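Colleague: Quick one, fold the following:
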Amino acid sequence: MEIRREIEPSMFIAGEWVAPKTPGSVAVINPANGEVVSEIGYGGASDARQAVEAADEAFSRWSKTTARERADILNRVAQLLRERQDSIGRILAVESGKRLAEAVGEVRFAAEYFQWFAEEARRPNGAWYPEEGQNRRHWSRTQPAGVALCLTPWNFPVSIQARKLAPALAAGCTVVARASQKAPLSVIELFRCLDDAGIPAGVANLVQGPAAQTTEEMMRHPAVRVVSFTGSTAVGQALVRQSAHGLQRLALELGGNAPFIVFDDADLDKAADAAMIGKFRNNGQSCIAANRLYVHERVIEEFVEKFSERIRTMQIGDPLLPTTGLGPVIDADARDGLLRMIDQAVLAGAHPLIPSMAVPDAGYYMPPMLLANVSSGTAFACDELFGPCAPVFSFRDEEEVIEMANDTNMGLAAYAFTSDAARATRVTESLDYGIVGLNHALPSVAFAPMGGFKMSGIGREGARVGMEEFLETKYVSSEIG
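Modeller: Residues are numbered from 1 along each chain as shown. You can find the predicted model right below:
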């Protein structure tokens, strides 16, 4: 599957691939070289309104389909994603700068969500309750909430969209999705899979257009009952304010500031390997990426040396090459912002723990950065670092590091490495985070609940609870005689 360079219909509304009502386009840039790889039609409020109206019209039919019918379609989507994983993965790698192996893996992961929720759709729901009297019966059942908005970012465009689409459709909701303009092509291919799997017209719709304009238009529509968003905390707060008018249900996965804790009894080689994944997966651009490395003072020198050795062997370059270990960040703004944060930290006294590494001249590359002596008042120590850089801090004991790890208003993911079973229990219970990776750095699975504490979000995705975000519960109390 080649990337379509010419402008083609990029929105899927009411079962048709359509161009925007008002002619317009946006260029998709390859972060590896800064070149335009494609252009897509870019719409606005009228297109968003049309998509919601199509979803609203289709809801009465889709919500009444059997669980088996919905599951069959979702299983076909999963099958098509697996069949097309290499071609979609290549598109994803080119538009986002993600390493090809990771991009193909993301498409496979998206298929897992469709398969999991196809199975979940057919599992029983509702409950019977004890009788209050001999002639009374009490029970509850669930039903789809209505039209759902699925709003996703560019860093994991296929898997995050699948994590929302699959449970919404399994629940019987109809959907309007919006993809990020920075990585829309792979989401278009995901919707081609939905189309080819036989999704009925209007059940799943895709719009392209300015985030604020299209979202505001859609949230004003009374049919929209659920808004599922992954992105920054600031945008999540704006959605909370916008939802006040229609009291839509919100499911928000927002920013992270993940601590990565290495105790003195940890397997340091295992911890260093995990740090490579936790910090550099998707070129450091993950909400659950290791953000602050806390290493016990007795082992910090040994750990830093092991970690630095691994970093120095990484090849930086074209994400399509199998030897590449680190690709570009998404755009020039992201790169320049990170470089400014690093400069600020160095001026405040931080110093690099690895020598500077050469990066390609073209594209939006930056060298991996590991800093010590980072001032607690700098953005480098406090803010989410969306890129291949991290500060390293030492700590003396368990109580101190838990306090440092929890000293943030974020609470999405955290990581801890120890061989002490009692400590592992204490630490996982003490960390104020919705996701904890214990002795590994890849916690995401389709069958477990993912989400954050505090300012990192509302609700959960994945597992049974991921489907419940799109369901309403109806309680029935019946007199039978």
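Colleague: drop to CA atoms for contacts and neighbour counts, all remaining ones
Modeller: OK.
Colleague: who touches stretch 283-294?
Modeller: The contact list for stretch 283-294 (CA atoms under 8 Å, 6 or more residues apart in numbering) reads 98, 155, 254-262, 275, 278-281, 326-329, 381, 384-395, 401, 412-415.
Colleague: wait, I meant stretch 302-315
Modeller: Residues from elsewhere that reach stretch 302-315 (CA under 8 Å, 6+ apart): 268-269, 272-273, 275-276, 295, 323-326, 353-354, 357, 368.
Colleague: Give me the buried entries from those.
Modeller: 268, 272, 275, 276, 295, 324, 325, 326, 354, 368 (16 or more other CA atoms under 10 Å).
Colleague: sorry, back to before: in strands only, show me the contacts of stretch 302-315.
Modeller: If you go by DSSP state E, the contacts of stretch 302-315 have residue 295 in strands.
Colleague: farthest pair in the contacts of stretch 302-315?
Modeller: Spanning the widest gap among the contacts of stretch 302-315 are 295 and 323, at 29.6 Å by CA to CA.
Colleague: Near residue 107, how many residues? Count them for me, please.
Modeller: 27 (other CA atoms under 10 Å).
Colleague: isn't it right up against residue 82?
Modeller: Yes: shown here, residue 107 and residue 82 form a contact pair, counting by CA atoms under 8 Å, at 7.3 Å.
Colleague: Quick check: the gap between residue 203 and residue 170.
Modeller: Taking CA to CA, to the nearest Å as the measure, residue 203 and residue 170 are separated by 11 Å.
Colleague: Then residue 324?
Modeller: From residue 324 to residue 170 the distance is 38 Å (CA to CA).
Colleague: Repeat that for residue 112.
Modeller: Counting by CA to CA, the gap from residue 112 to residue 170 is 14 Å.
Colleague: who has more neighbours, these two?
Modeller: Neighbours per residue, other CA under 10 Å: of residue 112 and residue 170, the larger number sits with residue 170, 29 against 24.
Colleague: Correct me if wrong, but that one is in a helix.
Modeller: Yes: residue state for residue 170 (DSSP: H, G, I helix; E, B strand; the rest coil) corresponds to a helix.
Colleague: Who are the contact partners of the spatially closest residue to it that is not a sequence neighbour?
Modeller: Once flanking residues are discounted, residue 170 sits nearest to residue 121: 5.2 Å by CA to CA, 6 or more residues apart in numbering. Listed by CA under 8 Å, 6+ apart, the contact set of residue 121 reads 67, 68, 70, 71, 170, 171.
Colleague: got these as a markdown table, with distance to residue 213 columns?
Modeller: Output for the contacts of residue 121, formatted as a markdown table (distance: CA to CA, whole Å):
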| residue | distance to residue 213 |
| --- | --- |
| 67 | 35 |
| 68 | 37 |
| 70 | 31 |
| 71 | 33 |
| 170 | 28 |
| 171 | 28 |
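Colleague: So how do I select the buried members of those residues in PyMOL?
Modeller: Provided next is the PyMOL selection string for whichever of the contacts of residue 121 are buried by 16+ other CA under 10 Å:
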select buried, resi 67+70+71+170+171
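Colleague: Now do the same for stretch 328-344: mean pLDDT, whole number.
Modeller: Here stretch 328-344 scores 94 as its mean pLDDT.
Colleague: For it, which residues meet the burial criterion?
Modeller: For stretch 328-344, by 16+ other CA under 10 Å, it's 328, 329, 330, 331, 334, 335, 338, 339, 341, 342, 344.
Colleague: how does this structure divide into domains?
Modeller: According to automatic domain parsing, the chain is divided into the following domains: 11-254+455-477, 258-445.
Colleague: Buried deepest among these, which one?
Modeller: Of all the domains of the chain, domain 11-254+455-477 has the most neighbours on average by mean count of other CA atoms under 10 Å, namely a mean of 21.
Colleague: ends of that one, how far apart?
Modeller: End-to-end distance for domain 11-254+455-477: 45 Å, by CA to CA.
Colleague: Run the chain-centre distance for it.
Modeller: Relative to the centre of its chain, domain 11-254+455-477 is centred 12 Å away, using CA atoms, centre = their mean, to the nearest Å.
Colleague: Stretch 419-438 too?
Modeller: 23 Å.
Colleague: mean confidence score for it?
Modeller: 98.
Colleague: do stretch 301-309 as well
Modeller: 96.
Colleague: now swap in stretch 109-129 and tell me
Modeller: pLDDT averaged over stretch 109-129 gives 94.
Colleague: Let the chain start at 187 from now.
Modeller: From this message on, residue numbering opens at 187, which makes the last subject stretch 295-315.
Colleague: okay, that stretch in PDB with CA atoms only?
Modeller: Output of stretch 295-315 as PDB, limited to C-alpha atoms (Å, rounded to 0.1, in the frame of the first residue of the first chain):
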ATOM      1  CA  PHE A 295      -2.100  -3.800  19.000                       C
ATOM      2  CA  ALA A 296      -5.000  -2.000  17.400                       C
ATOM      3  CA  ALA A 297      -6.300  -5.300  16.100                       C
ATOM      4  CA  GLU A 298      -6.100  -6.700  19.600                       C
ATOM      5  CA  TYR A 299      -8.600  -4.000  20.800                       C
ATOM      6  CA  PHE A 300     -11.100  -4.900  18.100                       C
ATOM      7  CA  GLN A 301     -10.800  -8.600  18.900                       C
ATOM      8  CA  TRP A 302     -11.000  -8.100  22.700                       C
ATOM      9  CA  PHE A 303     -14.100  -5.900  22.500                       C
ATOM     10  CA  ALA A 304     -15.700  -8.200  19.900                       C
ATOM     11  CA  GLU A 305     -15.500 -10.800  22.600                       C
ATOM     12  CA  GLU A 306     -16.600  -8.400  25.300                       C
ATOM     13  CA  ALA A 307     -19.700  -7.400  23.400                       C
ATOM     14  CA  ARG A 308     -21.100 -10.900  23.800                       C
ATOM     15  CA  ARG A 309     -20.400 -11.200  27.600                       C
ATOM     16  CA  PRO A 310     -23.400 -10.900  29.900                       C
ATOM     17  CA  ASN A 311     -24.100  -7.500  31.500                       C
ATOM     18  CA  GLY A 312     -26.600  -6.200  34.000                       C
ATOM     19  CA  ALA A 313     -27.600  -7.800  37.300                       C
ATOM     20  CA  TRP A 314     -30.400  -9.300  39.400                       C
ATOM     21  CA  TYR A 315     -30.900  -7.900  42.900                       C
END
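Colleague: any idea how far the residue lying closest to residue 588 once chain neighbours are set aside lies from residue 281?
Modeller: Of all residues not flanking residue 588 in the chain, residue 617 sits nearest, at 6.6 Å (CA to CA, 6+ apart). Between residue 617 and residue 281 the distance is 36 Å, computed by CA to CA.
Colleague: Kindly report the same for residue 236.
Modeller: On the measure of CA to CA, residue 236 and residue 281 end up 27 Å apart.
Colleague: go on, residue 538?
Modeller: Per CA to CA, residue 538 is found 31 Å from residue 281.
Colleague: Ok, residue 395 next?
Modeller: 17 Å.
Colleague: ditto for residue 297
Modeller: Distance, residue 297 to residue 281, using CA to CA: 20 Å.
Colleague: what do you get for residue 602?
Modeller: 33 Å.
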